[in-house]
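# Got a sequence here, can you build the structure:
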Amino acid sequence: MKLKIIQIISLSLPLFLPVCGSGAELGTRQRTITPVALPTNTPAILASNIPNYAVYGYSSWQWGPGEDEGRQFLTPAESTGATHAGRLLNFFAITDIHVTDKESPSQSLITSYESETGEHGNSSCYSPVILYTTHVLDAAVRTANALHRLTPFDFAISLGDDCNSAQHNELRWFIDVMDGKRITPSSGAHLGATNIDYQMPYQAAGLDPSIPWYQVLGNHDHFWGGAWPVTDYLRQSYTNNVVLLMGDLLADGVDSRIEYMGVIDGSTPYGNVIGVGPVTNFIVGGVTNAPMVVPDPDRYSLTRSNWTREFFSTTSKPVGHGFNLGNITNDFACYSFEPKTNMPIKVIVLDDTMTDEAFYIRGQGGLDTNHFAWLTNELQLGQDAGRLMIIAAHIPIELVAYGASTNSAITEPQLLAALHAYPNLMLWIAGHVHMNRVIPQPSSDPAHPENGFWEVWTPSLRDFPREFRTFEIFRNTDNTVSILTTDIDPEVIPGSPADISRGYVVAASRIFGNPSTSLADTNSYVLNAELVKTLSPAMQTVIAGYGEPLGHHVAIDGNETGAVINFLGELQSADNILGPWNDVTNASPYTAPASSGAKFYRAAE
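Next comes the predicted model:
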């Protein structure tokens, strides 16, 4: 255990430092968000009946205990008592933000806005959280910046579905929040921009400029609603002034013209759904009075290429956020990078979002032969160069070629067999499913446990549990590696749009039964763990001696009354460094009053 001791000579000195947040409470190892149990006789409500969320307790939540699944191994034989010897890499992943243009005419709100508790509607089509998607992203960025002060990140990565429906202004909002620009989270007529909280412009914090961030393609980033290639009719609907007229994709197909799909009225406090229902409801005197919106040319639809191109219009680093001009020219959203020049680690960014676009709506992910050949070549190059490797993709392994509908050239068993041929592969990280999961992918050969790797799913910033995920990779004393992964709740200011949205996301999880069907469920659905990976003898030799010192920083901030100490892990203090150290609980911030004089602090991993 490495201790870092900080002496505060004068509590007035650090007052120029910005307040960085609530320290240890930023991590779900310290505390978690848990729904408050509701009685079994709680009335069912509609997803769009937002005022009743508070009336019946649907949006009620409380702080629960921290979660930690502890140290895990790919096989029991790999279990050792080794301890951390050095930190190799520290990064965070966000995914499935689904930044949504609520006023776009090209949505499918009708599919779910009248879903009632227990009906298991499709929350990806409508959920009240769509009102605040940019605000939640901004809160997550602010939280990541606070964590960066305590344990600096080497990079960040978005695992895809930045957009909700492959729309240009949705992607611009995402990039502009990351860049720290002023955000106008409305479109068209910009209704409610002066008095409705989710519509009012605001200044985004922007990711700390010292953190490079990278991007993965998601299915919602280039498919309409994440589920359908953009046809000519759908393409026109994005910038049209008429609310989309279509129908149930599964029952009626993409060419149906049965019902208007709805739009959000941004002038209403709860985002009322309007312009929705069967086309017959809009016929008066034999004339169809189609529901209209103010068109906006910035709503145009994105292809893979022009989605990729947008990442070159940025003020944060690196320009392109991993993509190069060849990705645009070749319509190919795959690349690799090495996050630290002095560390033998390689990240492989893979597009596995149905490369064959002639697919059935219920299909998931897929790889064609070109993408698969690129992946195996990148793995071989990393193996030959003595690099530990991480694959970052949007779709999890088990959903590649899911069912017979995807037309993927590569099946899940074929993909796993190929991955197990590269012992330097540590980790496959993915999003898409909006939930936490850790999946061991052990070697099929007991004599070579190094052929195993871990798969980790990161939850969505849209749905409960609404979190992002940090990854700390350590070299251990026996030259295995540990991947310490932690869910992070975005820190919110009480009463802020992101705070209001937290109640909405809890309510939506109960109504749509995702992840639970019980109103009495109080689980946090957090999953934190330390994942140990055995390395080949050759790779153990390569990384021996690598790793930065352990421990975390202590951030000292000022306010009107004194100093606020922010930390990760355990904080201890003493009035006299020669006297006994007293534990300070993991609740944070720890405040030292201005009258206290000099104090000494130390933080332990």
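
# alpha carbons only for contacts and neighbour counts from here, please
Will do.

# which element is residue 87 on?
In this assignment (DSSP states H and E), residue 87 forms part of strand 84-94.

# how far does the very next helix or strand once past that strand sit from the chain's center?
Counting by DSSP H and E, the element after strand 84-94 in chain order, helix or strand, is helix 133-150. Centroid separation for helix 133-150 versus its chain: 11 Å, with Cα atoms, centre = their mean, to the nearest Å.

# pLDDT of helix 133-150, averaged?
Across helix 133-150, pLDDT averages out at 95.

# Between strand 84-94 and that helix, find me the angle.
160 degrees (axes from the mean of the first three to the mean of the last three Cα atoms, to 10 degrees).

# Helix 133-150: what's the following helix or strand?
Following helix 133-150 toward the C-terminus (DSSP H and E): strand 155-158.

# Pairing partners for that following strand, with directions?
The pairing partners recorded for strand 155-158 under DSSP bridges are strand 84-94 (parallel), strand 213-215 (parallel).

# before we move on, back to that, got a list of contacts for the strand holding residue 87?
Strand 84-94 is contacted by residues 151-159, 343, 458, 460-461, 467-477, 482, 546-550 when judged by Cα atoms under 8 Å, 6 or more residues apart in numbering.

# again, only this time at 7 Å
Residues outside strand 84-94 that contact it (Cα atoms under 7 Å, 6 or more residues apart in numbering): 153-159, 468-477, 546-550.

# Put the buried members of those into a PyMOL selection.
Selecting only the buried entries of the contacts of strand 84-94 in PyMOL, with 16 or more other Cα atoms under 10 Å as the criterion:
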select buried, resi 153+154+155+156+157+158+159+468+469+470+471+472+473+474+475+476+546+547+550
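
# Quick one: low-confidence residue ranges for the stretch 101-250 of the chain.
Residue ranges of the stretch 101-250 of the chain with pLDDT under 70: none are present.

# Please read the previous query as pertaining to the stretch 501-605 of the chain.
Within the stretch 501-605 of the chain, the set of residues satisfying pLDDT under 70 comprises 554-605.

# all strands for it, in order.
Using DSSP state E, counting those that start in this stretch, the strands assigned to the stretch 501-605 of the chain run over residues 529-533, 555-558, 562-566, 570-574, 582-584, 590-593, 599-604.

# Give me the domain ranges for the chain.
With domains defined by automatic domain parsing, the chain comprises 3-19+559-604, 32-233+298-543.

# how many neighbours does residue 250 have?
For residue 250, the count of nearby residues is 10 (other Cα atoms under 10 Å).

# State whether it is indeed within a helix.
Yes: the assignment for residue 250 by DSSP: H, G, I helix; E, B strand; the rest coil puts it in a helix.

# so who does it touch?
By Cα under 7 Å, 6+ apart, residue 250 has no neighbours at all.

# And it, how close does it get to residue 161?
22 Å (Cα to Cα, to the nearest Å).

# tell me the most buried of the domains of the chain?
Mean neighbour count, computed with mean count of other Cα atoms under 10 Å, is highest for domain 32-233+298-543 among those, reaching a mean of 20.

# Can you measure across it, start residue to end residue?
Domain 32-233+298-543: ends 35 Å apart by Cα to Cα.

# How about stretch 74-81?
Note: stretch 74-81 ends 15 Å apart using Cα to Cα.

# the helices in the stretch 301-450 of the chain, which residues?
304-309, 325-329, 369-384, 412-419 (DSSP state H, counting those that start in this stretch).

# now those helices as CSV including distance to residue 392 and mean pLDDT?
Output for the helices of the stretch 301-450 of the chain, formatted as CSV (distance: least, Cα to Cα, whole Å; pLDDT from 0 to 100):
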stretch, distance to residue 392, mean pLDDT
helix 304-309, 16, 96
helix 325-329, 17, 96
helix 369-384, 11, 97
helix 412-419, 13, 96
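
# which regions of the stretch 301-450 of the chain lie under the pLDDT threshold?
355-363, 404-405.

# circling back to that earlier point, residue 508: which of the strands paired with strand 155-158 is closest?
strand 84-94 (20.4 Å; Cα to Cα).

# Pretty sure residue 321 sits against residue 311.
Yes: contact status for residue 321 versus residue 311: in contact at 6.2 Å, counting by Cα atoms under 7 Å.

# Switch the domains of the chain over to TSV; also include distance to residue 282.
Output for the domains of the chain, formatted as TSV (distance: least, Cα to Cα, whole Å):
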stretch	distance to residue 282
domain 3-19+559-604	53
domain 32-233+298-543	15
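
# Compare those and give me the one nearest residue 283.
That would be domain 32-233+298-543 among these, by Cα to Cα, at 18.3 Å.

# Next one: residue 353 relative to residue 221, how far apart?
Per Cα to Cα, residue 353 is found 10 Å from residue 221.

# Which stretches in the stretch 451-600 of the chain count as helices?
Using DSSP H, counting those that start in this stretch, helices in the stretch 451-600 of the chain cover 497-511, 537-543.

# Contacts for the longest one, please.
Defining contact as Cα under 7 Å, 6+ apart, one finds that helix 497-511 is touched by 35, 47, 53, 58-60, 116-118, 127-129, 132, 135-136, 139, 197-198, 463-464, 492-493, 515-517, 519.

# can you rerun that using 6 Å?
When contacts are defined by Cα atoms under 6 Å, 6 or more residues apart in numbering, helix 497-511 is touched by residues 58, 59, 117, 129, 135, 136, 463, 464, 492.

# what about the second one, is that helix, strand or coil?
The reference is to residue 59. Under three-state DSSP, residue 59 comes out as coil.

# Offset the numbering so it begins at 233, please.
Got it, the first residue is 233 from now on, which makes the last one we talked about residue 291.

# Contacts only, for it.
When contacts are counted by Cα under 6 Å, 6+ apart, residue 291 touches 285, 735, 736, 738, 739.

# where's the closest residue in space to residue 670 that isn't next to it in sequence relative to residue 665, distance?
Sequence neighbours aside, residue 688 is the residue nearest to residue 670 in space, at 4.6 Å (criterion: Cα to Cα, 6 or more residues apart in numbering). Look at residue 688 and residue 665: by Cα to Cα, they are 11 Å apart.

# quick one: contacts for residue 456?
Shown in contact with residue 456 (Cα under 6 Å, 6+ apart): 397, 398, 462.

# Surely the second one and residue 453 touch.
So that's residue 398. Yes: assessed by Cα atoms under 6 Å, residue 398 is found in contact with residue 453 at 4.5 Å.

# related to what we said a few turns ago, of the helices of the stretch 533-682 of the chain, which is nearest residue 500?
Among those, the nearest to residue 500 by Cα to Cα is helix 536-541 (31.4 Å).

# what's in contact with that closest one?
Residues outside helix 536-541 that contact it (Cα under 6 Å, 6+ apart) are 454, 560, 563.

# Among those residues, which one sits closest to residue 652?
Among those, and counting by Cα to Cα, the member closest to residue 652 is residue 563, at 28.4 Å.

# Tabulate the CA atom coordinates of stretch 698-706 in CSV.
C-alpha atoms of stretch 698-706 as CSV (Å, rounded to 0.1, in the frame of the first residue of the first chain):
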residue,chain,number,x,y,z
ARG,A,698,-27.4,5.2,-15.7
GLU,A,699,-23.6,5.0,-15.4
PHE,A,700,-20.3,5.0,-17.1
ARG,A,701,-17.3,2.8,-16.3
THR,A,702,-13.7,3.2,-15.3
PHE,A,703,-11.0,0.6,-16.1
GLU,A,704,-7.7,0.6,-14.1
ILE,A,705,-5.2,-2.0,-15.3
PHE,A,706,-2.5,-3.1,-12.9
